[in-house]
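Enquirer: Based on what follows, work out the 3D shape:
(one chain, ligands or ions: 1)
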Amino acid sequence: MNITHPFRDADGDKLREECGIFGVICAKDAANIAAAGLHSLQHRGQEAVGITSFSGSEFHSHRGLGHVAQVFRHKELEALPGTMASGHVRYSTTGGSGLRNVQPLFADLVTGGFAIAHNGNISNAMTLKRDLVAKGSIFQSTSDTEVIIHLVATSRYPTLLDRFIDALRMVEGAYSLICMTNQGMIACRDPLGIRPLVMGRLGDAIVFASETVALDVIGAEFTRSIEPGELVQVDHKGTISSHRPFGNPDPRPCIFEHVYFSRPDSVMDGRSVYQVRKQIGVELAKEALADADIVIPVPDSGLPAAIGYAQESGIPFELGIIRSHYVGRTFIQPGDAARNADVKRKHNANRALVEGKRIVLIDDSIVRGTTSKKIVEMMRDAGAAEVHMRIASPPTEHSCFYGVDTPERSKLLAARMDTEAMAEFIQADSLAFVSIDGLYRAVGEEKRNKKCPQFCDACFSGEYPTKLTDFSERAPTKLNAA
Ligand code: AMP
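Expert: Residues are numbered from 1 along each chain as shown. Next up is the predicted model:
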């Protein structure tokens, strides 16, 4: 057990996770519903999936590496009886994540069984774990989520709910949680509401999910978002109670959910993700118009913004890049070589369209720069006369410590270079990013409130809304074009 880096896995790399969570209670076929819900959240994590169900006296669990449809077939779902179930999809960029980290995590506590599914990242987990290990806790996984279980287990409060609240008071960072106990389900969002969580109804059943798309897909009706800092409890009769143990701090939901992470058919805190992305394209066209013949999205992530850019600029929208649907998110590949190869397999130029044209490429973000560099090269190889790149988010200059996977800061292109140098690196004739205020306008705000931003935009601004006890950022030296 490595006390200095308690969350490092066997390969020495840190686990950074992206996840989707789902829970249902008072349903006949709870595990089947959970599988359907998780299937629609697959974009939030493609590496592993787990479902735990409760059949009145016992908890049943199945977890595996792979996609929902691969891990959960008829046989596996039949072995998960009961009227309550919760599940989790996740990926980490490291190769070393084994089954022991696949959620929901489960423990038998003095108060009974306790299953937990977590989306987000706890930014003082290492510190808490060191203390817990020193006091005798024995950890089974390298996941930050397990810290919550140990804090609940060692709390002095008598009831599970009080123990749970006690545990969460010690935790900093981002968490949306769906927990199951013998008594029912508890869903909660961290005090700033960094990660999303919504509630819906399917007949007599109550449903919780990371995104509204999961409610649509199972035929549930959207009830409301779980409020930042709210804890919602549902018992086996369907009685709902709401608690607000953390006061009412100003919320800071993650703005990157709108930029990239959520599915465009979801509605996040009252805003259609698709409409926001399209509006970012409109703002981008207002701020950084390119003199070009056609607008081309980098599929799929650049699509809605490219539609907005084309409509605002009057430049025709065309599918100049065709995407293979049999390659997943390229970002997921651990090594640079694998990522490079995957970008090539995933995207191909529509040569007949591109040849001889001045094109504007639209993508949602530049992280390491691998995708943009390859795509620009592909457009030039296909005979494009000029390639202008427009990005539907501000430069990603800072790492995320709240559950959106970004590499360490030294690997972020925008942390190392200014825009001109980045343009040179990706070999574009010009490069521009939407401004942070442009992004805020697109989500429906007049502008970013500098004193207290309406969102967590730390990946762009470096302003982290919580303490980062376990992490410190080292700024790499910036390269200029000259
Ligand atoms: P890169 O090639 O490293 O610059 O990655 C940029 C591409 O990855 C963009 O086209 C995005 O669509 C996608 N992307 C950005 N952030 C993430 C993330 N956190 N997880 C997965 N994919 C991402």
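Enquirer: before we move on, which element is the residue of the stretch 1-150 of the chain found nearest the ligand in?
Expert: When scored by C-beta to the nearest ligand atom, the stretch 1-150 of the chain has residue 18 as its residue closest to the ligand, at 6.1 Å. Quick note: C-beta positions are derived from backbone N, CA and C, even for glycine. Residue 18 is part of strand 17-25, with elements assigned from DSSP states H and E.
Enquirer: nearest residue to residue 357 other than its sequence neighbours?
Expert: Leaving aside its chain neighbours, residue 357 sits nearest to residue 293 (4.5 Å; criterion: C-beta to C-beta, 6 or more residues apart in numbering).
Enquirer: per-residue confidence at that neighbour?
Expert: Residue 293 carries a pLDDT value of 98.
Enquirer: quick one: it and residue 355 touch, right?
Expert: No - using C-beta atoms under 8 Å, residue 293 is not in contact with residue 355, being 11.1 Å away.
Enquirer: sorry, back to before: show me the contacts for the residue of the stretch 1-150 of the chain closest to the ligand.
Expert: By C-beta atoms under 8 Å, 6 or more residues apart in numbering, the residues touching residue 18 are 44, 45, 90, 91, 92, 261, 403, 404, 405.
Enquirer: Helix or strand: which one has residue 348?
Expert: strand 347-349.
Enquirer: So what are the sheet partners of that strand and their directions?
Expert: Its sheet considered, strand 347-349 pairs with strand 321-323 (antiparallel) by DSSP bridges.
Enquirer: quick one: is the strand it pairs with near the ligand?
Expert: No - Strand 321-323 does not reach the ligand (C-beta under 6 Å from any ligand atom); its nearest approach is 11.3 Å.
Enquirer: Which of the residues in that strand are classified as buried?
Expert: 321, 323 (16 or more other C-beta atoms under 10 Å).
Enquirer: filter the contacts of residue 18 by proximity to the ligand?
Expert: 404, 405.
Enquirer: Pick out the most distant pair among the contacts of residue 18.
Expert: Using C-beta to C-beta, the pair of those lying farthest apart is 92 and 261, separated by 15.0 Å.
Enquirer: Next secondary structure after the strand holding residue 18?
Expert: helix 30-40.
Enquirer: Check which helices and strands that following helix sits against.
Expert: Helices and strands touching helix 30-40, by 3 or more C-beta pairs under 8 Å, 6 or more residues apart in numbering; DSSP states H and E, are strand 17-25, strand 48-54, helix 68-71, helix 74-78, strand 84-92, strand 205-209, helix 212-218.
Enquirer: Could I get the buried residue list for the fourth one?
Expert: Spelled out, that is helix 74-78. Buried-residue list, helix 74-78, by 16+ other C-beta under 10 Å: residue 77.
Enquirer: pLDDT of that helix, averaged?
Expert: 98.
Enquirer: same check, this time on stretch 47-66
Expert: What stretch 47-66 shows for mean pLDDT is 96.
Enquirer: do the strand holding residue 348 and the ligand meet?
Expert: No - residues of strand 347-349 are not located near the ligand by C-beta under 6 Å from any ligand atom, the shortest gap being 10.0 Å.
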